[in-house]
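Novice: whatever this is, show me its structure:
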Amino acid sequence: MSLDLFFDYLGVRLNGEKAEGLAIVINWVFTDLGRRYVLNLEHCALTYLADRESAHADATVTLDRAVLDRLVLRETPWADAVRQGLVSIDGDPAKVAELFGLPDGFALVFEVVEPKRER
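Specialist: Below is the predicted model:
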């Protein structure tokens, strides 16, 4: 999944009710790719801009793309990645934790065809 799709995916999973009244700005720096993103949560919508950063960000997350993959796949917990130096968070780490507490979870298994019900 490309980084753009990853940030789109976060926006799709955002629980608007949980995000009500919150404003969070996070810079993302991918050292191995030389890419930067700024992620903005405002008015219950999560948006991003590639190759940009905000001077007023709540936090800046610096990591390699491979580390992001391990975090997303839950192979490595965030706390372990930070403790091992795989991820650095400058600014307010509570804002990063708050952001990742906002997505909805979806069941991966669902019935495609339901049995016909008798009336």
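
Novice: tell me where the protein has helices.
Specialist: Counting by DSSP state H, one finds helices in the chain at the ranges 3-13, 16-19, 65-72, 78-83, 93-99.

Novice: okay, these, which one's buried deepest?
Specialist: helix 93-99 (a mean of 17; mean count of other CB atoms under 10 Å). In this view, the C-beta of every residue, glycine as well, is placed from N, C-alpha and C.

Novice: what does it rub up against?
Specialist: By CB atoms under 8 Å, 6 or more residues apart in numbering, the surrounding residues in contact with helix 93-99 are 22, 24, 26, 39, 41, 58, 59, 61, 78, 82, 89.

Novice: what's across from residue 26 in the sheet?
Specialist: Per DSSP bridges, the residues bridged to residue 26 are residue 39, residue 59.

Novice: just to revisit the earlier point, nearest to residue 50, of the helices of the chain?
Specialist: For these, proximity to residue 50 was assessed by CB to CB; helix 3-13 is nearest, at 6.5 Å.

Novice: hmm, back to that, for the helices of the chain, which one sits closest to residue 115?
Specialist: Using CB to CB, the helices of the chain put helix 3-13 closest to residue 115, at 30.1 Å.

Novice: give me the distance between residue 49 and residue 79.
Specialist: Distance check for residue 49 against residue 79: by CB to CB, to the nearest Å, it reads 28 Å.

Novice: likewise for residue 16?
Specialist: As defined by CB to CB, residue 16 lies at a distance of 27 Å from residue 79.

Novice: hmm, back to that, and of the contacts of helix 93-99, the nearest to residue 2?
Specialist: The nearest member of the contacts of helix 93-99 to residue 2, counting by CB to CB, is residue 39 at 15.0 Å.
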